[in-house]
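Engineer: here is my input, please return the structure:
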Amino acid sequence: MNKKIIFTIFFIIVALLINRSYSQENSSDFVVVLDAGHGGHDSGNTGNGFLEKKIALQTAIQIGNYIKNNSNIKVIYTRTKDRFVKLNERAAIANRSDADLFISIHCDAFTSSKVYGAGTFVLGLHRNADNLRIAQKENSVIFLEENYQSNYEGFDPNNPESVISLVLMQETYLEQSIEAANTIQKSFVTNLNRKDRTVKQAGFQVLRETYMPSVLVELGFLTNKKEGTYLNSKKGQKEMSETIAKGIINYRNSLLSSLFNNEKKITEFVQKDNIETNN
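Structural biologist: This is a model prediction of the structure:
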């Protein structure tokens, strides 16, 4: 068979697939799962007397409300009440929902009260001690679960070698995860003038088994009294939730634009190749 014909058939198939993806994404079928970290008997960190589980829940719900009022994105929560949800069940909720994006909301803590700022994380190998510390803190939740040894197949939050297995599952979605995290991080800086802690990679168990782009957001440090007070306030939660929601909407819109442009380029290539073949 003529090589040009083979290439033409190939690109037509790709174009059809992209067109299908674009049509689905352009409808209300784009799904984001919002995961409020911790909950129930797991309070998360309690720097300066603030409750991470409470701040994460209130912020996640407000993110969802803003998204539903300002876009056609479908929102699903892993919890809407103060209850404990296992880490692997949070991922399962996203997978069952066939979600396009998974966002897990948390608050950070540090030994120094001077450290502050919002950060975004994607699943990856620990690049430094701070990333390892944050991942260990969030992953330690599994010790509060019954039968965690069997549920997580021997995963040990305190063993850096365990993180390698985490990365493999999410590698397929790493590029889009970084893009989503970047969009949210830029939204923090642009809309709220927050300190840019940049996008980092670390081994979070909650991101391990999600089959879609996934981001963990650390709203700020409760161990910094000024920042903790802000995150615990109605004003702070409103501003942070709207900023994250705008980042999510911008990511979805950017994804649609990219899919549309790719479809257009491939269609133009196929049309040009058809003309050359016919001549």
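Engineer: how much space separates residue 195 from residue 115?
Structural biologist: 10 Å (C-beta to C-beta, to the nearest Å). For glycine as for every other residue, the C-beta is placed from the backbone atoms N, C-alpha and C.
Engineer: equivalent analysis for residue 41, please.
Structural biologist: Using C-beta to C-beta, residue 41 is found at 27 Å from residue 115.
Engineer: and residue 42, by the same measure?
Structural biologist: Counting by C-beta to C-beta, the gap from residue 42 to residue 115 is 23 Å.
Engineer: and the helices in the stretch 1-150 of the chain?
Structural biologist: 3-25, 52-70, 87-96, 129-139, 148-151 (DSSP state H, counting those that start in this stretch).
Engineer: which one of residue 41 and residue 115 has more residues nearby?
Structural biologist: residue 115 (17 against 10; other C-beta atoms under 10 Å).
Engineer: now do the phi/psi pair for that one.
Structural biologist: Backbone torsions of residue 115, given as degrees, to the nearest 10, read phi -70, psi 140.
Engineer: surely it touches residue 220?
Structural biologist: No - the pair residue 115 / residue 220 is not scored as a contact, 9.6 Å apart, by C-beta atoms under 8 Å.
Engineer: so what's the closest residue to residue 58 other than its chain neighbours up against?
Structural biologist: Closest residue in space to residue 58, ignoring its immediate chain neighbours: residue 237 at 5.3 Å, by C-beta to C-beta, 6 or more residues apart in numbering. Shown in contact with residue 237 (C-beta atoms under 8 Å, 6 or more residues apart in numbering): 55, 58, 59, 62, 231.
Engineer: distance of residue 237 from residue 244?
Structural biologist: Residue 237 sits 11 Å away from residue 244, going by C-beta to C-beta.
Engineer: list the buried residues of stretch 109-122.
Structural biologist: Using 16 or more other C-beta atoms under 10 Å as the test for burial, stretch 109-122 gives 109, 110, 113, 115, 116, 117, 118, 119, 120, 121, 122.
Engineer: ah, wrong one, I meant stretch 96-113
Structural biologist: 97, 99-110, 113.
Engineer: next one: stretch 49-61
Structural biologist: 50, 51, 52, 53, 54, 55, 56, 57, 58, 59, 60, 61.
Engineer: which one among these gets closest to residue 210?
Structural biologist: residue 60 (15.9 Å; C-beta to C-beta).
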